[in-house]
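> Predicted model follows, preceded by the sequence.
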Amino acid sequence: MVQLATLALAGVGATASLAQEGPRVLEVDVQGTRTVAKETCLARIQTRVGSPYVDSVVSEDIRRLHALGYFTDVRVETEPLVDGIKVIFVVAEKPTIGSLELQGNLRLRKDKLMELLGVKTGDLYDPRKLKAGLDQIKAEYRRKGYYRAEVAQSVKMDEATNTATVYLAVDEGIRMRVRQILVEGNLAFSDRKLRKLLKTKRKHLFASGVYDEQVLDEDLERLRAFTAGTAIRTSRWRRLWQRMRRGSGSTCT
């Protein structure tokens with residue numbers, strides 16, 4: 001009787017295990033790919049022909065396919081077969097960039113801007129990557145003194161071809177140059193000596209005087225280090241730099 005009870009319990013356990021695992025997978029397919037090779041997707045899928053259908057494994061397969069970075073959506077469908085099921089991973093690819101249109105740039109060449117953008121025709125359309133490229137373009141304009149430069153973007157999707165046309169409109173604004181450098185609060189050193197420490201230069205015959213905020217920050221740190229322990233207070237330098245950034249010491253051309 002004990003042996004029969006043990007066999008009965010083992011049978012119940014096996015039945016419960018099969019119930020958790022699900023039907024046997026007889027086919028695995030990927031649908032919806034256009035430019036991405038189906039083999040690339042199948043190589044990432046752990047659900048195998050001949051193995052039982054397991055929800056946790058399928059969920060992990062979905063995560064793996066998303067991690068490829070090619071798809072906006074991944075879902076799973078199943079079809080019943082005589083002795084099991086067919087598992088179908090249905091994907092929706094990100095659109096590819098069919099065209100990049102740029103206008104409004106006068107001071108920087110198109111090839112330079114495209115290099116900074118880091119996105120080209122044929123790439124998958126990725127809004128985050130595009131934004132990062134636009135930030136690089138604006139940073140380059142700031143380095144050149146165009147602190148009011150803006151780059152607007154618009155995207156037109158073609159669902160029939162799953163392509164995106166990206167339009168970029170550049171507004172360079174005016175170039176800011178340093179007209180005058182004022183030094184105040186210095187008791188231990190002459191204005192001329194302190195100005196020699198600066199890489200920021202006013203516009204004159206032998207210097208362009210282009211305003212660069214990063215260089216200005218470096219100048220501030222250089223002055224702090226040089227004047228440490230003297231009667232010049234850092235707070236005064238900070239107030240001076242704030243005044244310059246508001247435009248009191250710069251001009252635009």
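On my side now, so go ahead. Residues are numbered from 1 along each chain as shown.
> which residue ranges form the helices in the stretch 151-253 of the chain?
Using DSSP state H, counting those that start in this stretch, the helices of the stretch 151-253 of the chain run over 191-196, 213-226, 234-245.
> Now do the buried residues in the second one.
By neighbour count with 16 or more other C-beta atoms under 10 Å, helix 213-226 contains the buried residues 213, 216, 219, 220, 223. In short, each C-beta sits where N, CA and C put it, glycine included.
> Reformat these as CSV; add pLDDT and distance to residue 160.
Listed next are those as CSV, based on pLDDT from 0 to 100; distance: C-beta to C-beta, whole Å:
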residue, pLDDT, distance to residue 160
213, 72, 46
216, 75, 51
219, 77, 55
220, 81, 55
223, 78, 61
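> Switch those residues over to a markdown table; also include distance to residue 172.
Listed next are the buried residues of helix 213-226 as a markdown table, based on distance: C-beta to C-beta, whole Å:
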| residue | distance to residue 172 |
| --- | --- |
| 213 | 17 |
| 216 | 21 |
| 219 | 25 |
| 220 | 27 |
| 223 | 31 |
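> Could you work out the most separated pair of these?
Put simply, by C-beta to C-beta the two of these set farthest apart are 213 and 223, 15.5 Å from each other.
> Next one: residue 61 from residue 42, what distance?
Distance, residue 61 to residue 42, by C-beta to C-beta, to the nearest Å: 10 Å.
> So if we follow the domain assignment, how does this protein break up?
Annotated domains of the chain cover 2-93, 96-171, 176-252 [automatic domain parsing].
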